[in-house]
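Trainee: Return atomic coordinates for the entry below.
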Amino acid sequence: MMAQEVKKIKLDPSKVHDRLGYHVVKRGFDVLASGVALIILSPLFLVLTILIKKEDGGPAFYSQERIGKNEKPFKMWKFRSMIVNADQMVEQLEEQNEIDGAMFKIKDDPRVTKIGHVIRKYSLDELPQLWNVLKGDMSLVGPRPPLPMEVADYTDYDKQRLLVMPGCTGLWQVTKRNEADFDEMVCLDIVYINHSGAWEDLKLIIKTVLVMIHPNGAY
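Mentor: Down below sits the predicted model:
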């Protein structure tokens, strides 16, 4: 899917506004599912915390400012998969960025730790975002929340993905994942918004679990 084709996809305003029933069901499911998952996965959280701290002595959790619905900033949580000073190395690694557009991705990122490679492959580093879902910063399903520096380069078209609650997973994560460039990601997010619904969300959650078991190009 080429960038010029992406611009032809229009966001259906009715899928953003006046959907009280869907949003109530979506939020209710988010709270229930994230709360239960945090309890069930607590032993895994403990194991990962020990493994991450054991490797280099740094903190197990990592927080980063992200941009959510209606461009509201919030603190997103992850298990730390990179060295402690990873954020300070972005500028010097900029030439190695493999994604066109307002994104930063390196397949063989030198900042990723040994345990980081494992938890990234199976998306385990994203599990702490269940706390963001419980708090109401995020939903289980929705566009991934971008960094402020990425949003600074967004066009008005790109900003359409910020009109809905950001999610832990979404359409592009279970299809192209890291193989998608920025324009393809925006396109898939708009496709998701245009077709969003309780049943579609449930299907994407099921596909996400399958992708975690059989990774589709994570790094």
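
Trainee: got the contact list for T49?
Mentor: Counting by Cβ atoms under 8 Å, 6 or more residues apart in numbering, T49 touches 60-61, 79. For glycine as for every other residue, the C-beta is placed from the backbone atoms N, C-alpha and C.

Trainee: among the residues you listed, which ones are buried?
Mentor: 60, 79 (16 or more other Cβ atoms under 10 Å).

Trainee: taking the contacts of T49 one by one, which sit in strands?
Mentor: If you go by DSSP state E, those have 61, 79 in strands.

Trainee: List just the nearest of the contacts of T49 to K54.
Mentor: Of all the contacts of T49, A60 has the smallest distance to K54: 9.6 Å, by Cβ to Cβ.

Trainee: what's near enough to touch that closest one?
Mentor: A60 makes contact with 48-50, 52-53, 79-80 under the criterion Cβ under 8 Å, 6+ apart.

Trainee: farthest pair in these?
Mentor: Applying Cβ to Cβ across those, the maximum distance is between I50 and R80, 12.9 Å.

Trainee: of the two, who's got more company?
Mentor: Just comparing I50 and R80: by other Cβ atoms under 10 Å the higher neighbour count belongs to R80, 25 against 11.

Trainee: Next one: the nearest residue to M82 once chain neighbours are set aside from Y62, what distance?
Mentor: Leaving aside its sequence neighbours, M82 sits nearest to R111 (Cβ to Cβ, 6 or more residues apart in numbering; 4.3 Å). Distance from R111 to Y62, counting by Cβ to Cβ, to the nearest Å: 12 Å.

Trainee: just the contacts of T49 now: which is nearest K10?
Mentor: Looking across the contacts of T49 and measuring by Cβ to Cβ, the closest to K10 is F79, at 37.4 Å.

Trainee: who touches the most centrally placed residue in the chain in this structure?
Mentor: Nearest to the geometric centre of the chain sits R144, at 3.7 Å (Cα atoms, centre = their mean). With contact taken as Cβ under 8 Å, 6+ apart, R144 is in contact with 166-167, 170, 173, 185.

Trainee: of those residues, the lowest pLDDT goes to which?
Mentor: Ranked by pLDDT, the contacts of R144 bottom out at Q173, which has 85.

Trainee: Pull the contacting residues for that residue.
Mentor: Each residue near Q173 by Cβ under 8 Å, 6+ apart is listed here: 144, 208, 211.
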